[in-house]
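>>> Structure here, sequence nowhere to be found:
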């Protein structure tokens, strides 16, 4: 086993060449809280917007295809912004850049329900996705830069909430706006109170860095022109692929091929440029390339564990968001307590973060395995134990993994780490959505064919319509069970590469001196 004997460099101090760190106190804590609120607001805006899409379509008279594209352009623009956000934050000053993002995000949210036509709505939603995608990486950048070593891991714990807390809270929020208050516009206007609070907190709490416009003379213009556009095209191709029949559609084929070519050009340009947006050389380190494989895979598993119960209750039981909201709350609310606990455990010298992560993967796998016993009779109560496993397992996986990734980066590499982590996270989320959607369709069709063929051989098709309806319910349930088994298998398989990650000792805390 390879070990390192020094404290992880990314937990030791500020980036080289950065302004002197501001003393950590109430003011700086308030500013960082504003950054956290903004990142959570961005994540919730995406997820709640997707969950409330049916009501938005009905209110605006949009068809299913137009509504789907509304969600696609937001996600694509969000992904496009992630690899370049930290570079602009360093160049334009973190505080000023963040304030501009939040202000623009709020303005677009206020205008969205007032859009005069579908084209304007689509444009505003894409612009909002671009600003929202830029806010999320800045949370990790801020945690690595501003937090002192004694609480820096708690900053990673707070960042983990964007993957564990916010997505699972979204169902309850969507039901509150649409079902309880009955106003679809709140799907977009929900961000205003949190956004105003974030604006004030960042304005008052964060220090003002100097603006470094000279960095624009050294910007990777080729990467800037190809990377965001390539990622956006890939996202559009993946998210719209099933609806338009994948490569049988010239538009999807063009989006995927041109997106892949542009993104490959971006990666080559970034590798050789002296001032890149993301530092690909980080992937030469074991705890980057191996951890990122684990990171993307486990995010797909966590996305499935969040989506599959809702799919079962919506498609089989016909539930509305209000009725399935408890499923998400079971996972989301405990994260506010579990994230600080797991972060505190990582400071214990006797604890190996890899072992903690392996335990989390085992618990997640157990939850998915239990979910594979789903039947068409399951209601919310039957999912409680499944969701409880996800509640405990998610922070045990995500927070140690973030520690193992950031712990092998030098302090000056923090913005590069943030951009890379968030870009891969967004890609994994898109891939997970495609895998779940396509898996439900393909496995459901396979089960339906099998049941229909068997009934035909047994001569049981006298009541063909009623029988087909029952078959469709069972096919949906069986396809969800299949995906649960696949996710359980992935989680178990990930334990081995997790144990092969480089060991990092717990960060050293400052010693208390007696007067």
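Right, received. Where do you want to start? Because the structure is a prediction, the values reported are computed rather than measured.

>>> With adjacent residues omitted, what lies nearest to the residue positioned nearest the centre of the chain?
When the chain is reduced to its mean C-alpha position, the closest residue under C-alpha atoms, centre = their mean turns out to be residue 163, at 5.0 Å. Of all residues not flanking residue 163 in the chain, residue 398 sits nearest, at 5.8 Å (C-beta to C-beta, 6 or more residues apart in numbering). Where C-beta positions appear, they are placed from N, C-alpha and C, glycine not excepted.

>>> can you give me the helices for the stretch 201-350 of the chain?
In the stretch 201-350 of the chain, the helices defined using DSSP state H, counting those that start in this stretch lie at 221-241, 250-272, 286-315, 321-332, 335-345.

>>> okay, now residue 69: neighbour count?
19 (other C-beta atoms under 10 Å).

>>> tilt between the helix or strand encompassing residue 445 and helix 286-315?
Taking DSSP states H and E as the definition, residue 445 sits inside helix 414-457. Using axes from the mean of the first three to the mean of the last three C-alpha atoms, to 10 degrees, the inter-axis angle of helix 414-457 relative to helix 286-315 is 40 degrees.

>>> The residue nearest to residue 163 against residue 165, yeah?
No - using C-beta atoms under 8 Å, residue 398 is not in contact with residue 165; the gap is 10.7 Å.

>>> on that earlier part again, quickly find the element holding the residue nearest to residue 163.
helix 384-406.

>>> I'd like to know which elements that helix is packed against.
Applying 3 or more C-beta pairs under 8 Å, 6 or more residues apart in numbering; DSSP states H and E, one finds that helix 384-406 contacts helix 118-146, helix 152-164, helix 286-315, helix 321-332, helix 335-345, helix 353-371, helix 414-457.

>>> Give me whichever of those is most buried.
helix 152-164 (a mean of 25; mean count of other C-beta atoms under 10 Å).

>>> residues making contact with that helix?
With contacts defined as C-beta atoms under 8 Å, 6 or more residues apart in numbering, helix 152-164 is touched by 11, 32, 36, 39-40, 43, 136, 139-140, 142-144, 147, 299, 302, 331-332, 335-336, 339-340, 342-344, 346-347, 394-395, 398-399, 402-403, 406, 425, 507.

>>> could you redo the last one with a cut-off of 7 Å?
For helix 152-164, the surrounding residues in contact (C-beta atoms under 7 Å, 6 or more residues apart in numbering) are 11, 36, 39-40, 43, 136, 139-140, 143, 147, 299, 302, 335, 339-340, 342-343, 346-347, 394-395, 398-399, 402-403, 406, 507.

>>> quick one on the thing from earlier: if we compare the helices and strands packed on helix 384-406, which one ends up closest to residue 198?
Closest of the helices and strands packed on helix 384-406 to residue 198 is helix 118-146, at 8.9 Å (criterion: C-beta to C-beta).

>>> Which strands or helices does that closest one pack on?
helix 26-51, helix 64-92, helix 94-111, helix 152-164, helix 414-457 (3 or more C-beta pairs under 7 Å, 6 or more residues apart in numbering; DSSP states H and E).

>>> what's the closest of these to residue 256?
helix 414-457 (11.7 Å).

>>> Tell me what angle the following helix or strand past the closest one forms with helix 353-371.
For helix 414-457, the succeeding helix or strand toward the C-terminus, using DSSP H and E, is helix 464-493. Here helix 464-493 points in a direction 160 degrees away from that of helix 353-371 (the same axes, to 10 degrees).

>>> tell me the mean pLDDT for helix 464-493?
The average of the pLDDT scores along helix 464-493 is 90.

>>> could you point out which element follows that helix?
Heading C-terminal from helix 464-493 (DSSP H and E), you reach helix 495-499.

>>> ok, now how distant is the residue nearest to residue 56 when sequence neighbours are not counted from residue 50?
Counting by C-beta to C-beta, 6+ apart, residue 56 lies nearest to residue 184, which is 5.3 Å off, once chain neighbours are set aside. Using C-beta to C-beta, to the nearest Å, residue 184 is found at 13 Å from residue 50.

>>> likewise residue 495?
31 Å.

>>> what do you get for residue 215?
With C-beta to C-beta as the criterion, residue 215 and residue 50 are 36 Å apart.

>>> Looking at the two, which has the bigger crowd around it?
Shown here are residue 215 and residue 50; by other C-beta under 10 Å, residue 50 has more neighbours (19 against 14).

>>> hmm, back to that, make JSON lines out of the helices and strands packed on helix 384-406 and add distance to residue 27 and mean pLDDT.
Conversion of those to JSON lines gives the following (distance: least, C-beta to C-beta, whole Å; pLDDT from 0 to 100):
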{"stretch": "helix 118-146", "distance to residue 27": "11", "mean pLDDT": "93"}
{"stretch": "helix 152-164", "distance to residue 27": "16", "mean pLDDT": "87"}
{"stretch": "helix 286-315", "distance to residue 27": "33", "mean pLDDT": "91"}
{"stretch": "helix 321-332", "distance to residue 27": "29", "mean pLDDT": "87"}
{"stretch": "helix 335-345", "distance to residue 27": "21", "mean pLDDT": "94"}
{"stretch": "helix 353-371", "distance to residue 27": "31", "mean pLDDT": "97"}
{"stretch": "helix 414-457", "distance to residue 27": "21", "mean pLDDT": "89"}
